[in-house]
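Visitor: Fold the following for me, if possible:
(2 chains)
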2 protein chains.
Amino acid sequence: MDIVVRDALKNDMQAVHALITELAVFEKEPNAVKVSISDLERDGFGKDPKFHCFVAEVGKKIVGIALVYARYSTWQGPVIHLEDLIVTATMRGKGVGSVLLKEVVRYGMSKGVRRISWEVLDWNEPAIQFYEQRGAKVLRDWDVVQLDEEGMKKFLGE
Amino acid sequence: MDIVVRDALKNDMQAVHALITELAVFEKEPNAVKVSISDLERDGFGKDPKFHCFVAEVGKKIVGIALVYARYSTWQGPVIHLEDLIVTATMRGKGVGSVLLKEVVRYGMSKGVRRISWEVLDWNEPAIQFYEQRGAKVLRDWDVVQLDEEGMKKFLGE
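Guide: Numbers count the residues shown, from 1 in each chain, chains lettered A, B, ... in the order given. Next comes the predicted model:
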């Protein structure tokens, strides 16, 4: 099976959005995707892109994506964050995720960063195994914290 | 006690670096800080700053910092990440962290983001309590994953 990984183009965002939505359903949050196709087009392909996206194609069809952006560690300096690594359900276990992750690591090396980070659900054992087999460390003592829009307003007393 | 929060200046980076190092010691990783004072000066105050830093002063002395930058959520769009919220040990429990966090939330509102995120050690109960009291959600099922420089090289077979 031939897997081709390339930088995403603006008009790939419809397929990218479909994969983002597929992952949200898998993560039991079907209504969580507030971002639209045109948001992705604007935010990823403007003068100051907010992310960089790779797509994986098999037979000219987009079957996976990796979406990354820069973060800043006060210990390590500039680092890369992998926001989403998604392979469509019917194409899992065929090496697509591995090829995408390799491309992300290559991208990180080209930027000279000392680390690539991401987040994983602790019940997603296949994903955890996949990452650990490739040398990543799952920091089980670090949790993600979020303050959402409602919480922000409440905190400011509005 | 008068707490003044303001944007950090380039020549605050020595004090900021001292607080970053103090936190690393608290988190049991005293040798983890690879970033230098001049790295912070270059990365935070160039043409394209990689972070925004707030400092909290009491009696003209910097006693706390909050360091933030933009991230991109494929569900929420542009979001703000709080990389570090640090108050020097002798000044904890006096409201400094709360004033700093409020400034970060105000900053997020001004940027129109739907979420502010950060990370916390799951054994740091005072911090978790502090965040939860202010409306933040600790997502205990989401873990942080990291691939470090050595892991990156190994993955690419170098």
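
Visitor: Does the lengthiest helix in chain A pack against any helices or strands, and if so which?
Guide: For chain A, the helix with the greatest residue count under DSSP state H is helix A:96-111. With contacts taken as 3 or more Cβ pairs under 8 Å, 6 or more residues apart in numbering or on different chains; DSSP states H and E, helix A:96-111 sits against strand A:4-7, strand A:52-58, strand A:61-73, strand A:77-87, strand A:115-121, helix B:149-155. Every C-beta, even on glycine, is put in place using the N, C-alpha and C of the backbone.

Visitor: In contact with the closest residue to residue A:27 other than its chain neighbours, which residues?
Guide: Among residues not flanking residue A:27 along the chain, residue A:121 sits closest, at 6.5 Å (Cβ to Cβ, 6 or more residues apart in numbering or on different chains). Listed by Cβ atoms under 8 Å, 6 or more residues apart in numbering or on different chains, the contact set of residue A:121 reads A:27, A:127, B:141, B:142, B:143.

Visitor: got the CA positions of the longest helix of chain A in CSV?
Guide: This file holds the C-alpha atoms of helix A:96-111, laid out as CSV (Å, rounded to 0.1, in the frame of the first residue of the first chain):
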residue,chain,number,x,y,z
VAL,A,96,-0.5,5.5,8.2
GLY,A,97,-0.1,6.9,11.7
SER,A,98,3.5,5.9,11.8
VAL,A,99,4.4,7.6,8.5
LEU,A,100,2.6,10.7,9.7
LEU,A,101,4.3,10.8,13.1
LYS,A,102,7.7,10.3,11.3
GLU,A,103,6.9,13.3,9.2
VAL,A,104,6.1,15.4,12.3
VAL,A,105,9.4,14.3,13.9
ARG,A,106,11.3,15.3,10.8
TYR,A,107,9.5,18.7,10.9
GLY,A,108,10.5,19.1,14.5
MET,A,109,14.1,18.3,13.7
SER,A,110,14.1,20.8,10.8
LYS,A,111,12.9,23.4,13.3
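
Visitor: how far off strand A:61-73 does it point, in degrees?
Guide: Relative orientation of helix A:96-111 versus strand A:61-73 (axes from the mean of the first three to the mean of the last three Cα atoms, to 10 degrees): 40 degrees.

Visitor: and helix A:96-111, how far out from the chain's middle?
Guide: 12 Å (Cα atoms, centre = their mean, to the nearest Å).

Visitor: what angle do that helix and strand A:52-58 make?
Guide: Using the same axes, to 10 degrees: helix A:96-111 against strand A:52-58 is 140 degrees.

Visitor: and the residue nearest to residue A:27, what are its bridge partners?
Guide: Taking DSSP bridges as the rule, residue A:121 bridges to residue B:142.

Visitor: where does it land on pLDDT?
Guide: Looking at residue A:121, its pLDDT is 90.

Visitor: Repeat that for the one 10 residues further on.
Guide: According to the per-residue confidence, residue A:131 scores 93 in pLDDT.

Visitor: Verify the contact between it and residue A:119 for me.
Guide: No - between residue A:131 and residue A:119 there is no contact, the gap being 10.7 Å when judged by Cβ atoms under 8 Å.

Visitor: Find residues that contact each of these two.
Guide: Shared contacts of residue A:131 and residue A:119, counting by Cβ under 8 Å, 6+ apart, come down to residue B:145.

Visitor: hang on, the earlier thing: now render the helices and strands packed on helix A:96-111 as a markdown table, adding distance to residue A:105.
Guide: Compiled in a markdown table, the helices and strands packed on helix A:96-111 are given as follows (distance: least, Cβ to Cβ, whole Å):
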| stretch | distance to residue A:105 |
| --- | --- |
| strand A:4-7 | 12 |
| strand A:52-58 | 11 |
| strand A:61-73 | 10 |
| strand A:77-87 | 9 |
| strand A:115-121 | 6 |
| helix B:149-155 | 5 |
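
Visitor: Now the residue most central in space within chain A. Nearest residue, chain neighbours left out?
Guide: For chain A, the residue nearest the mean C-alpha position is residue A:84 (1.5 Å; Cα atoms, centre = their mean). Once flanking residues are discounted, residue A:84 sits nearest to residue A:67: 4.6 Å by Cβ to Cβ, 6+ apart.

Visitor: Show me the contact partners of the longest helix of chain A.
Guide: Contacts of helix A:96-111 (Cβ under 8 Å, 6+ apart): A:3, A:5, A:52, A:54, A:56, A:58, A:63-66, A:68, A:70, A:78, A:80, A:82, A:85, A:87, A:115-116, A:130, A:134, B:147, B:152-153, B:155-156.

Visitor: That helix - what's its average pLDDT?
Guide: 96.

Visitor: tilt between that helix and strand A:77-87?
Guide: Using the same axes, to 10 degrees: helix A:96-111 against strand A:77-87 is 160 degrees.

Visitor: which parts of helix A:96-111 are buried?
Guide: For helix A:96-111, burial by neighbour count (16 or more other Cβ atoms under 10 Å in any protein chain shown) applies to A:96-105, A:107-109.
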